[in-house]
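[1] Next come a sequence and a model predicted from it.
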Amino acid sequence: MKRLLTLTPREEALARLQAALPQGPLGTEEISILEALNRVLAADINAPHPLPQFARSTVDGYAVRAADTFGASESLPAYLEVVGELRMGRAPDLQVGAGKAALIHTGGALPEGADAVVMVERTQETGTQEIEVFRAVAPGENVIPVGEDVNTGDQVMSSGRRLRAQELGGLAALGFLRVTVARQPRIAILSTGDELVPPKAIPGPNQVRDINSIAVGALVNRNGGIPLRCGIIPDNAEALYTGAMTALAAADGLIITAGSSTSARDMTAEVINRLGAPGVLVHGVPVRPGKPTILGVCDGKAVFGLPGNPVSALNTVRLFVVPVLWQMQGALPPRAGFIRARLTENIPGAAGRESFTTVYLEESPEGLRAIPIFGESNLIFTLVRGAGIVHIPLGVTGLAAGTEVEVELLE
């Protein structure tokens, strides 16, 4: 007789799992900023010097003393003597005194004596060494002062920040070539099932290729982890225990796929309980797809039992594994991207469960449309064709065609 699952609400299940795990990153390492994209900073960064380090022009024009332009207009221009041109990449080698100006380019350093820049469009040459200025400028106009972006000693990045392209640019601007980041969690992945064969094999009768180790591993990698694909285990409790014990010993966490539905889920739960304390924390969540999910902790390491159907497995990774991966790096997960669209068809809810339906997006004269992709949870191409996911909360019986919904983008 099949044992009924006691379902734990999704948010409570995740909170229970995260509370049972060590807090903060697993460890740290120092790496080059060239390798640091999407890694999590593990130490605060303080500016060793200001940015910019010198006052610089924001336009092409002439560096001047602002007071020399006061009252200037097209009908009554100010006349200034040009004392030279400021070369990019060199320290200013001239001064701007009363009634003087120097040709300057965007990003160039202001010379001594100048406190503003007149745009070249507001001037006219009257000779080889003289210009007319048709518009007054205020002190500091068209100039970025020293420290406008960052001052010496400012904390510019804090521990726990995920390093995007812009953070790496900021580090380079301050001269940081290496940074201390959280160590990437190593996640072992075991696929189970007598029917599974490796992706390179040609399936025989009643056999299927192992999709989950590839797809689940890709999501682990995308979220900062290092997937350790540990092969396929037959539907045998002792073989699963031996394989899981070996895999977990070499990793920071373990994902077992295809072992959490029907009778196999009980075998997976029993194995997880044998791997270490406290063992299984959650067995079953009110989520479609993904109801038979198992969440556990074994001697401080997260262990997940995922449904075998790939759509269910990937939804479970998205909901439970991803937040834990970022916790193991000492960071919050990146915020998901959302876009609003109108449903083209009704989406039914599921009694007592949250539902997640894949949709693809289509432009129309009336605006963006979300077209549901219906299919069983073993059909991987329902996800391949999808652009996003529509969430139907617990207690909502469905969403009607024409409803404007938030679509969580899959990328």
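    Received it, and whenever you're ready, just let me know what you need. Values in this document were obtained by computation on a predicted structure and should not be read as measured data.
[2] Now do stretch 45-61: distance from first to last residue.
    The first and last residues of stretch 45-61 sit 36 Å apart, counting by CA to CA, to the nearest Å.
[3] hmm, who's touching it?
    Stretch 45-61 has contacts (CB atoms under 8 Å, 6 or more residues apart in numbering) with 63, 103-110, 117-123, 142-158, 171, 173-176, 179. In short, each C-beta sits where N, CA and C put it, glycine included.
[4] Show me which positions of it end up buried.
    Buried residues in stretch 45-61, defined by neighbour count with 16 or more other CB atoms under 10 Å: Ile45, Ala47, Pro50, Leu51, Pro52, Ala55, Arg56, Ser57, Val59, Asp60, Gly61.
[5] are any of the contacts of stretch 45-61 buried, and which?
    Here, 16+ other CB under 10 Å leaves 63, 103-104, 108-110, 117-120, 122-123, 142-144, 146-147, 150, 156-157, 171, 173-174, 176, 179 buried among the contacts of stretch 45-61.
[6] Thought Ala109 was touching Ala91, still the case?
    Yes. When contacts are counted by CB atoms under 8 Å, Ala91 is listed as touching Ala109 (7.1 Å).
[7] Spatially central residue (nearest the centroid) of this protein, please.
    Geometric centre of the chain, nearest residue: Pro334, 4.2 Å, by CA atoms, centre = their mean.
[8] For stretch 118-128, C-alpha coordinates in PDB please.
    Taking Å, rounded to 0.1, in the frame of the first residue of the first chain, the C-alpha atoms of stretch 118-128 are listed here in PDB:
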ATOM      1  CA  VAL A 118      33.100  75.700 -21.800                       C
ATOM      2  CA  MET A 119      31.600  73.400 -24.500                       C
ATOM      3  CA  VAL A 120      33.300  73.900 -27.800                       C
ATOM      4  CA  GLU A 121      29.900  74.500 -29.300                       C
ATOM      5  CA  ARG A 122      29.600  77.600 -27.200                       C
ATOM      6  CA  THR A 123      32.800  79.100 -28.600                       C
ATOM      7  CA  GLN A 124      34.300  80.400 -31.800                       C
ATOM      8  CA  GLU A 125      37.900  80.800 -32.800                       C
ATOM      9  CA  THR A 126      38.800  84.400 -33.800                       C
ATOM     10  CA  GLY A 127      42.500  83.700 -34.400                       C
ATOM     11  CA  THR A 128      45.100  81.100 -33.700                       C
END
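[9] Figure out how far it is from the centre of its chain.
    Distance, stretch centre to chain centre, for stretch 118-128: 48 Å (CA atoms, centre = their mean, to the nearest Å).
[10] Over to stretch 199-210?
    Centroid displacement of stretch 199-210 relative to its chain, using CA atoms, centre = their mean, is 34 Å.
[11] all numbers from here: first residue = 421
    In the new numbering, first residue 421, that becomes stretch 619-630.
[12] neighbouring contacts of it?
    Against stretch 619-630 from outside (CB under 8 Å, 6+ apart): Ser611, Glu615, Leu616, Val617, Pro618, Ile631, Ile634, Ile652.
[13] Recalculate using a threshold of 6 Å.
    With contact meaning CB atoms under 6 Å, 6 or more residues apart in numbering, stretch 619-630 is reached by Ser611, Glu615, Leu616, Val617, Pro618, Ile652.
[14] domain parsing for the chain?
    Residue ranges for the domains of the chain, per automatic domain parsing: 430-447+604-747, 449-471+570-602, 476-564, 758-829.
[15] need those in CSV with mean pLDDT, can you?
    As requested, the domains of the chain are exported to CSV (pLDDT from 0 to 100):
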stretch, mean pLDDT
domain 430-447+604-747, 93
domain 449-471+570-602, 97
domain 476-564, 96
domain 758-829, 91
